[in-house]
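**Student:** Provide a 3D model corresponding to the input given below.
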Amino acid sequence: MSMRPRNRDVCADCSAPGPTWASVNRGVLICDECCSIHRGLGRHSSQVRHLTHTSWPQSQLQMVQTLYNNGANSIWEHSLLDPSSVMTGKRKANPQDKVHPNKTDFIKAKYQMLAFVHRMPCREDDSVTAKDLSKQLHSSVRTGNLETCLRLLSLGAQANFFHPEKGNTPLHVAAKAGQLSQAELLAVYGADPGAPDANGLSPIDYARQAGHHDLADRLVEIQFELTDRLAFYLCGRKPDHKNGQHFIIPQIADRNDGLDLSELAKAAKKKLQSLSNHQFEELAMDVYDEVDRRETDAVWLATQNHSTLVTETTVVPFLPVNPEYSSTRNQGRQKLARFNAHEFATLVIDILTDAKRRQQGTSCENAKENVELILKGIDNRHGSESQDVDQPDYDSVASDEDTEREPASGKEERTKSSESSDLSDGPITVQEFMEVKSALNASEVKIQQLLKVNCHLSEELRTMQNKVLKCRSKSNIVDVQKHFACSY
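**Tutor:** Numbering: from 1, shown residues only. Below is the predicted model:
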């Protein structure tokens, strides 16, 4: 579903007319110029989607439109609405401001630093404040007041908060009440549709028991959103969850070129399968973010028509830094942009294959835990060596590398496609994935050097042994001479 902006709609950041983009997690509509800045903030700050050139779930689009119409932007600009803010020099950006630095500084302050959000009174124990906010959220989601819930989330309420007295989460409450838009908002902020309540029931179960079958179906889609997005990126269709099809495993056209039979590829797949739940979750989330970056980048460039916005300062060549991640993980995430179309498609297929293996593995002791970890909501969604119980559905995917843009600089020698799933069992698997070939080559060189050293040491050892034998012979001769000298 797509939505055309109405004539009265204006950009939430600079008031330019006719915004064509939306920030899903902020509940606002934005113009092209402001969108170019939002894209550089990263998905952890702003999740942007085009209103007409992107396929939207109808209920998610309705949620954003409702928030925008009900003044969600005032949450992010609360202090700017105070007349005294004019006296302090604080002001909202306007359409005539330059993108850099004026609009950029304003948008970063607004969404990254939350400089204009209304602050709660400080307490000595911040966890108490977060718990109180989360309890308020737990009560509020049974109503249709979306902006109240967004305000609570902006202040630190947790979407996955487990109420100790009620024995469930806010998403359970929204599902039972049939509040589809509230469920969409909670999901954007990481609520897990598969989270169990005190009796082991999920929000999906709550929705079905209450007769909200459309909401239950949507929650199933949210539960599988990560793998669905990866599959859609490659083959343009999603699984039919209503009929029990939860995975589509596409196939690259030239996948049977013989490269996958290499020992290195087999070792890489084994490493991927041996990743812990947490490591696999991180990798899947990073690949999802890279898919979102590539798709959004393609839509953004296609809608600019070679306008002045298409400059080096508005291009997002790799995933922006997420301050919540380690520097090593951020470096690994950025290296995903170096993958060409074929390499990246192979990595995505390997992720989908192993996600299905983990979800369907029946011999794993932690099968339930695997399902919950792999199929969580996007922001916190996403284990034994069990085998797939059935064959995947295959779609053919073009492997033409021209379908993806590669950075103009920094191109490196490409590894074989079969190596694109070579992941280490360390916590930062993407970086090791990119460096595995050079690491193996370096290891081979070291092995050869050690072999040479070993041969040299063996020769020295033989020489020393010969010298020892000679010394012993001389010693025996001296002893004999002494013996004869004493006899005479």
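**Student:** sec struct for Y325, please.
**Tutor:** coil (DSSP: H, G, I helix; E, B strand; the rest coil).
**Student:** and it, what does it touch?
**Tutor:** The contact partners of Y325, by Cβ atoms under 8 Å, 6 or more residues apart in numbering, come to R333. Bear in mind the C-beta positions are built from the backbone N, C-alpha and C, glycine included.
**Student:** ok, F339 to L215 distance?
**Tutor:** For F339, the distance to L215 equals 37 Å [Cβ to Cβ, to the nearest Å].
**Student:** again, but for L41
**Tutor:** 31 Å.
**Student:** these two: which is more packed in?
**Tutor:** L215 (26 against 19; other Cβ atoms under 10 Å).
**Student:** just the pLDDT for the more buried one.
**Tutor:** You'll see L215 listed with a pLDDT of 97.
**Student:** what about it, is that helix, strand or coil?
**Tutor:** Classified using three-state DSSP, L215 is helix.
**Student:** got a pLDDT number for R26?
**Tutor:** For R26, pLDDT reads 97.
**Student:** what about it, neighbour count?
**Tutor:** With other Cβ under 10 Å as criterion, R26 counts 27.
**Student:** let me know the distance separating it from W76.
**Tutor:** From R26 to W76 the distance is 6 Å (Cβ to Cβ).
**Student:** mutual contacts of these two, please.
**Tutor:** A12, Y111.
**Student:** just for the stretch 351-488 of the chain, where's the confidence low?
**Tutor:** Applying pLDDT under 70 to the stretch 351-488 of the chain flags residues 361-448, 451, 453-454, 472-488.
**Student:** try 90
**Tutor:** 358-488 (pLDDT under 90).
**Student:** tell me which other helices or strands the strand or helix carrying S74 touches.
**Tutor:** Assigned by DSSP states H and E, S74 belongs to helix 73-76. Under the contact definition 3 or more Cβ pairs under 8 Å, 6 or more residues apart in numbering; DSSP states H and E, helix 73-76 sits against helix 146-155.
**Student:** how about the helices in the stretch 251-400 of the chain?
**Tutor:** With DSSP state H, counting those that start in this stretch, the ranges of helices along the stretch 251-400 of the chain come out as 263-274, 277-302, 327-335, 341-360, 367-374.
**Student:** which one of the ones you listed lies nearest to L219?
**Tutor:** Shortest distance between L219 and these, using Cβ to Cβ, is found for helix 367-374: 13.8 Å.
**Student:** picking that back up, of the helices of the stretch 251-400 of the chain, which shows the lowest average pLDDT?
**Tutor:** Across those, the lowest-scoring stretch is helix 367-374, with a mean of 46.
**Student:** got the domain boundaries for this protein?
**Tutor:** 21-112, 126-223, 226-439 (automatic domain parsing).
**Student:** number of residues surrounding Y68?
**Tutor:** Other residues close to Y68 by other Cβ under 10 Å number 21.
**Student:** return the set of buried residues in the one helix or strand S36 maps to.
**Tutor:** Take DSSP H and E as the rule and S36 turns out to sit in helix 32-41. For helix 32-41, the neighbour count (16 or more other Cβ atoms under 10 Å) marks D32, E33, C34, C35, S36, I37, H38, R39, G40, L41 as buried.
**Student:** excluding its backbone neighbours, what's nearest the fourth one?
**Tutor:** When you say that, I think you mean C35. W21 (4.1 Å; Cβ to Cβ, 6 or more residues apart in numbering).
**Student:** quick one: contacts for that neighbour?
**Tutor:** L29, I30, C31, D32, C34, C35, H38, V48, R49, H50, L51.
**Student:** in CSV: the residues you listed, plus pLDDT and distance to D197.
**Tutor:** Below are those laid out as CSV (pLDDT from 0 to 100; distance: Cβ to Cβ, whole Å):
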residue, pLDDT, distance to D197
L29, 97, 36
I30, 97, 37
C31, 95, 42
D32, 93, 44
C34, 95, 40
C35, 95, 39
H38, 96, 36
V48, 97, 34
R49, 97, 31
H50, 96, 37
L51, 95, 36
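**Student:** correct me, but S36 touches T104?
**Tutor:** No: if you go by Cβ atoms under 8 Å, S36 and T104 don't touch, sitting 9.2 Å apart.
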